[in-house]
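Undergrad: Structure, please.
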Amino acid sequence: MTTNTRSTNVNAAAVATFLIFGMNGLVFASWAARIPAVTEALSLTSGQMGTLLLCTAVGSLLALPSAGWVVGRIGTANTVRVAGIVAGAAGAAIAFSLIAASVPATAIALFFFGIGIGLWDVAQNIEGADVEHRLERTIMPQFHAAFSGGAFLGALIGAGLSQLGVGLPEHLLVIAAIAVTLALTVPRFFLPHEAVEIHDGAPAPKGTTAWRDGRTLLIGVVVLGATLTEGAGNDWIAKAAVDGLGSSESTGALLFALFVLAMTVMRFLGGKAIDKFGRVAVLRASMAAAAVGLALFVFAGNVILAGVGAALWGVGAALAFPMGMSAAADDPQHAAARVSVVSTIGYVAFLAGPPLLGYLGDQTGIHLALLAIGAPILIALLLAGVAKPLPAK
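TA: Model (predicted):
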């Protein structure tokens, strides 16, 4: 294969990965932006809604530890295809469950939705890390910008449809059909799946080995704090704006959209900042910005200041997760297993943290409950040094 052909294949894989990240974000935000509508349709409290969100978390947390193994067996392209079918079918099931106003059926559907999203996420991050290594420049934040861009579009669609009075079930059915179509077709441009190359008689890397690697675990702790920041924003900004500021559902969705837009812009621009200042410095600055934005959002007395806080919060939440994925994949030989481990730890926060905030919100109000993520943000800031790139071999 010539150099030009290789370059063309990598560029095509980069575009395909970008699209897959974007679709993942659109699917997720189509659900997240309209959580207030779900709580109303099913007559749930914040704590009860937290339990439903926990169903998604359980599904993803069961899928994530085995995702690296699945990718190793069938490749990133086929893993995304399987995940897209599962997530799309689950999205349709959520729609029909809401039509029936059935909480148990919605919970089961969300469990399988979590499985699909979890598998999809690990596969796209492994593919993104492979493309990044082949291109020899920082591009992972741009892939995550595609996720945020898809989420921003999903949030705007959710706000618009809410304002127009279009039901969430109809919304989800259309999104599910689009998701399955793209998940089945776009991965054909992914890089060819290759077995991990082993040198000098070294044993094949396994997930259990990755779970005993100290650097990988510490990166996971950093990502845990960082993704709790992002996950809490994704799941609760819209609801907190409605409850804490007395805003309308559509205004809450727009504040969520502002949060996601800020993340998207920062992720598009962040690659150059990381290459210039390094992962550690950018990670520390990100956590500081997230803390300030969170405090401003919570204590703001009006929608304008809350919007400024949401935007700064989004800027701070933007780069931590993609930097964590790049750090976990520094050694290509162990990338699949370590990305799976860091994803699993991170998603404990991203998916399980927001439901726990819902329970706390029943006691304090979801608006004030958001302050609880300040401690994990501080821990991520203090441990940021573990993301320093490994020396080239």
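Undergrad: what helix or strand is L64 on?
TA: Using DSSP states H and E, L64 maps to helix 46-99.
Undergrad: helices or strands up against that helix?
TA: Packing partners of helix 46-99 (3 or more CB pairs under 8 Å, 6 or more residues apart in numbering; DSSP states H and E): helix 3-32, helix 35-41, helix 103-135, helix 168-185, helix 207-210, helix 214-245, helix 335-347, helix 353-364. (C-beta placed from N, C-alpha, C; glycine too.)
Undergrad: Check the burial of the nearest residue to R279 once chain neighbours are set aside by counting its neighbours.
TA: Setting aside the residues directly before and after it, R279 is nearest to A387 in space (CB to CB, 6 or more residues apart in numbering), at 4.6 Å. Residues lying near A387 (other CB atoms under 10 Å) number 25.
Undergrad: start the count at 58, not 1, going forward
TA: New numbering, starting at 58: the last item is A444.
Undergrad: ok, back up a step: run the angle between the helix holding L121 and helix 410-421 for me.
TA: Orientation of helix 103-156 against helix 410-421 (axes from the mean of the first three to the mean of the last three CA atoms, to 10 degrees) gives an angle of 120 degrees.
Undergrad: for the chain, where's the lowest mean pLDDT among helices and strands?
TA: Counting by mean pLDDT, DSSP states H and E, the chain has its least confident helix or strand at helix 264-267, which shows a mean of 64.
Undergrad: on that earlier part again, buried deepest among the helices and strands packed on helix 103-156, which one?
TA: Here the criterion is mean neighbour count by mean count of other CB atoms under 10 Å, and of the helices and strands packed on helix 103-156 the winner is helix 392-404, at a mean of 27.
Undergrad: re the thing from before, for A384, see how far away the residue nearest to R336 is.
TA: 4 Å (CB to CB, to the nearest Å).
Undergrad: between the two, what contacts are shared?
TA: I276, R336 (CB atoms under 8 Å, 6 or more residues apart in numbering).
Undergrad: residues touching A208, list them.
TA: Applying CB under 8 Å, 6+ apart, the residues contacting A208 are G82, L83, F85, A86, A89, N291, V317, M320, T321.
Undergrad: Grab the nearest non-local neighbour of the first one.
TA: It stands for G82. G207 (3.1 Å).
Undergrad: Is there a neighbour count for the one you found? I'd like the number.
TA: 25.
Undergrad: now the one 3 residues further on
TA: L210 is surrounded by 19 other residues when neighbours are defined as other CB under 10 Å.
Undergrad: That one contacts L83, correct?
TA: Yes: at 5.8 Å, L210 and L83 qualify as touching, with contact defined as CB atoms under 8 Å.
Undergrad: shared neighbours, these two?
TA: Common neighbours of L210 and L83 (CB under 8 Å, 6+ apart) do not exist.
Undergrad: circling back to that earlier point, taking the mean pLDDT, what do you get for the helix holding L121?
TA: Regarding helix 103-156, the rounded mean pLDDT is 87.
Undergrad: How far away from the center of its chain is that helix?
TA: 13 Å (CA atoms, centre = their mean, to the nearest Å).
Undergrad: Could you do stretch 417-430 as well?
TA: On CA atoms, centre = their mean, the centre of stretch 417-430 falls 22 Å from the chain's centre.
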